[in-house]
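Visitor: Take this sequence and fold it.
(2 chains)
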Amino acid sequence: MASKVRVRFAPSPTGYLHIGGARTALFNYLYARRHQGTFVLRIEDTDQDRNVGDALGGILEGLKWLGLRWDEGPEVGGPHGPYFQSERLPGYAEAAQRLLAEGKAYRCYCDPEELKKKREEAMARSEPPKYDRTCFRLSKEESEARVAKGEPFALRFLMPEGETSWDDEVRGTVTFQNSILDDLVILRTDRHPTYNFAAVVDDAAMLITHVLRGDDHISNTPRQIRLYQALGLTPPRFGHLPMILGPDGTRLSKRQGSVSVTEFRDDGILPQAMVNFLALLGWAFDGEREMFTLDELTEVFALDRVSKNPAIFNYEKLDWMNGEYFRALPLPVRSDMVAAYLREKHALPESAFRDRGFLERAVEAVGDRMKRPRQFLEYAGYLFVDTVEPEPSPWTELKAKPAAAARLRKLATVLAEVEPFDHDAIEKVTRGLAVSEAVKAGEVIMPARIALTGKKVSPGIFDVILLLGRERTVQRLRHAADRLEAESPAPAS
RNA sequence: GGCGCUAUCGUCUAGGGGUCAGGACGGGUGGUUCUCAGCCAUCAAACCGGGGUUCGAAUCCCCGUAGCGCUACCA
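Guide: Sure thing, here's the model as predicted:
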């Protein structure tokens, strides 16, 4: 048995948890749980320029919402902390110093602006934009002299000759020629480490055994492996997960839809659905079964079933899956979610849905028409207003039926008297009216639906009537009849 | 430009020398029904191209092509 599995998710604090990051975190979490390992959360905040206010909050919030609890990291601590790179600076400096002392790194005094210019020129000449090792060629004396003078410098790693390859957990053997790898900067002028260096030092210090990350890191891997070797460390296993692309086939961006898990949450997506959907992006169980809870996923997740090709984010399928989970929720839970939605969006005055019993009955009536809380008002909005203004198309349709007004009146009359005022009795008199009118039930029901809800689509009409109550039902039916007669030309006699 | 990765229905994918190439989303049709949703049934929809290897290739190999990624004192 190899050493205990330790994996990590290492986001930089950008303020929100990106969907791609969430998938990476999920796969790491699943791998850890599957192997009774440890899931570490580490924050890569070494770039001073990019650090902003509450950059961490959104990420922690997103992970918690998805149910991905980390075993070590911010808020929970652990034996390999601190878990913020900004608090681990001495470690990087020490490691870099060692490389410098061993001749595996060298000081570079080049001006970043200058380098950038050179790089662009090289690109223009269509040559590989590689650092030209100007400072590597400096004599030891000169280099020392310049430090002594207090000249600022960065530390560069001296990339060895040869080639570097590794056995990737998802792609098999990957090989890079070292000649195309740069002498990368490991310590910046400001004494902060760069990403590749910090990641290596930390992954080693935190005893990470498997690095599972996005495909976009694949060309960082040979550099990191060389860094491990230079530091006398054994590299972990690497596994590169396929990218998640937007519908247009390029990197997922805001232009193409939501990209942060918080946005999805605020849109009424359930964490179970998000987790399930994300798991299926780049991984499959057997190609048949696709509904999994987080716990079920931890039982069956396997890296050898991770796909190699990039996956396009399919918003429709997420929506479908969300519906599956949402409909399965107990009524009170759905009702509470709808209430929370109405409150947060100020979609209705608070008083309109204060009656929890009523709201719950309305949610029940809407039933599986709803895939997300925000769809509630589409199917039940007319319950919370004093008068309905019919939508133009149904109203026109209604006006085309000469007998409609009279039937609405008759329905109003029977409903005004029916006892008890319950679902079965209402259904009985309504259908009875259709029989006595010698028409199909729909000929009574559809006009009633339009009169009562203003729409062509609604929950079952008897539920609507019951919810509206006798008073409002009768009033709306009569009002619609009045209006129909007023707007129609007088019938020819 | 260089380097790397990838290539099965529109999308997510299963399969991995002999299959009617399977499932799901989305789409079509029919049924249930007061509409819609749901449910049930059903249909259409794919192995990037070219060369090999082989009795046989979507599957293995090579070459193209395409897409994506990386090419920073960002992560």
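Visitor: So A:Phe384 is in contact with A:Glu350, correct?
Guide: No: assessed by C-beta atoms under 8 Å, A:Phe384 is found out of contact with A:Glu350, at 11.3 Å. All C-beta atoms are positioned from the backbone trio N, CA, C, and that covers glycine.
Visitor: Those two: which is more packed in?
Guide: With neighbours defined as other C-beta atoms under 10 Å, A:Phe384 and A:Glu350 compare such that A:Phe384 has more, 17 against 10.
Visitor: check contacts around that one.
Guide: Applying C-beta atoms under 8 Å, 6 or more residues apart in numbering to A:Phe384 gives the contacts A:348, A:352-353, A:377.
Visitor: and of the residues you listed, the nearest to RNA strand B?
Guide: Lowest distance from RNA strand B to the contacts of A:Phe384 (C-beta to the nearest atom of the strand) belongs to A:Leu377, with 14.2 Å.
Visitor: So the closest one belongs to a helix, correct?
Guide: Yes: under DSSP: H, G, I helix; E, B strand; the rest coil, A:Leu377 sits within a helix.
Visitor: What is the burial count for it?
Guide: Neighbours of A:Leu377 using other C-beta under 10 Å come to 18.
Visitor: could you give the mean pLDDT of stretch A:47-58?
Guide: Taken as a whole, stretch A:47-58 has a mean pLDDT of 72.
Visitor: now the contacts of A:Phe384: which count as buried?
Guide: Buried by 16 or more other C-beta atoms under 10 Å: A:348, A:353, A:377, out of the contacts of A:Phe384.
Visitor: Thought A:Lys345 was touching the last one, still the case?
Guide: No: applying C-beta under 8 Å as the test, A:Leu377 and A:Lys345 come out as separate, 9.5 Å apart.
Visitor: near RNA strand B, anything from the host helix or strand of A:Lys64?
Guide: When elements are assigned from DSSP states H and E, A:Lys64 belongs to helix A:57-66. No: Helix A:57-66 lies out of reach of RNA strand B by C-beta under 7 Å from any atom of the strand, never closer than 11.3 Å.
Visitor: Centre of the chain to the helix or strand following that helix, how far?
Guide: As assigned by DSSP H and E, the chain's next helix or strand after helix A:57-66 is helix A:89-101. Remark: helix A:89-101 is offset 38 Å from the chain centroid, using C-alpha atoms, centre = their mean, to the nearest Å.
Visitor: Show me what helix A:89-101 is packed up against.
Guide: strand A:105-108, strand A:154-157, strand A:185-187, helix A:195-205 (3 or more C-beta pairs under 8 Å, 6 or more residues apart in numbering; DSSP states H and E).
Visitor: quick one: buried residues of it?
Guide: A:91-93, A:95-96, A:99-100.
Visitor: then that helix to PDB, C-alphas only?
Guide: The C-alpha trace of helix A:89-101 is given here as PDB (Å, rounded to 0.1, in the frame of the first residue of the first chain):
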ATOM      1  CA  LEU A  89       7.100  33.200   2.200                       C
ATOM      2  CA  PRO A  90      10.100  32.100   4.300                       C
ATOM      3  CA  GLY A  91       9.900  28.600   3.000                       C
ATOM      4  CA  TYR A  92      10.000  29.700  -0.600                       C
ATOM      5  CA  ALA A  93      13.000  32.000   0.100                       C
ATOM      6  CA  GLU A  94      14.800  29.200   1.800                       C
ATOM      7  CA  ALA A  95      14.200  26.800  -1.000                       C
ATOM      8  CA  ALA A  96      15.200  29.300  -3.600                       C
ATOM      9  CA  GLN A  97      18.400  30.200  -1.700                       C
ATOM     10  CA  ARG A  98      19.300  26.500  -1.700                       C
ATOM     11  CA  LEU A  99      19.000  26.300  -5.400                       C
ATOM     12  CA  LEU A 100      21.000  29.400  -5.800                       C
ATOM     13  CA  ALA A 101      23.700  28.000  -3.500                       C
END
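Visitor: model confidence over that helix, on average?
Guide: 95.
Visitor: right, is that helix up against RNA strand B?
Guide: No: counting by C-beta under 7 Å from any atom of the strand, RNA strand B is not contacted by helix A:89-101; separation bottoms out at 10.7 Å.
Visitor: quick check: angle from that helix to helix A:195-205?
Guide: Here the directions of helix A:89-101 and helix A:195-205 differ by 110 degrees (axes from the mean of the first three to the mean of the last three C-alpha atoms, to 10 degrees).
Visitor: Now do helix A:89-101: everything it contacts.
Guide: Helix A:89-101 is contacted from outside by A:105-107, A:155, A:157, A:186-187, A:191-193, A:197-198, A:201-202, A:205, A:230-231, using C-beta under 8 Å, 6+ apart.
Visitor: same check, this time on stretch A:284-291
Guide: A:276, A:280, A:292, A:300, A:305, A:307, A:321, A:324.
Visitor: Quick one: list the elements packing against the helix or strand that contains A:Ala339.
Guide: Element membership of A:Ala339 [criterion: DSSP H and E] is helix A:331-345. Judged by 3+ C-beta pairs under 8 Å, 6+ apart, helix A:331-345 is in contact with helix A:356-366, helix A:376-380.
Visitor: and RNA strand B, which of the ones you listed is closest to it?
Guide: Across those, closest to RNA strand B is helix A:376-380 (C-beta to the nearest atom of the strand), at 7.0 Å.
Visitor: SS state for whatever residue of the stretch 201-350 of chain A ends up closest to RNA strand B?
Guide: RNA strand B sits closest to A:Gly287 of the stretch 201-350 of chain A, with a gap of 2.3 Å, by C-beta to the nearest atom of the strand. Recorded secondary structure, A:Gly287: coil (three-state DSSP).
Visitor: neighbours of it, just the number please.
Guide: By the criterion of other C-beta under 10 Å, A:Gly287 has 7 neighbours.
Visitor: What separation do you get for it and A:Ser307?
Guide: Per C-beta to C-beta, to the nearest Å, A:Gly287 is found 11 Å from A:Ser307.
Visitor: helices and strands of chain A: which one bottoms out on pLDDT?
Guide: Least confident helix or strand of chain A, by mean pLDDT, DSSP states H and E, is helix A:112-124 with a mean of 81.
Visitor: Can I get that one as CSV, trimmed to CA atoms?
Guide: C-alpha atoms of helix A:112-124 as CSV (Å, rounded to 0.1, in the frame of the first residue of the first chain):
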residue,chain,number,x,y,z
PRO,A,112,10.8,43.1,-16.9
GLU,A,113,9.8,45.7,-19.5
GLU,A,114,12.9,44.9,-21.5
LEU,A,115,12.1,41.2,-21.4
LYS,A,116,8.6,41.8,-22.5
LYS,A,117,9.8,43.8,-25.5
LYS,A,118,12.3,41.1,-26.5
ARG,A,119,9.6,38.5,-26.2
GLU,A,120,7.3,40.4,-28.5
GLU,A,121,10.0,40.9,-31.0
ALA,A,122,10.8,37.2,-31.0
MET,A,123,7.1,36.4,-31.5
ALA,A,124,7.1,38.8,-34.4
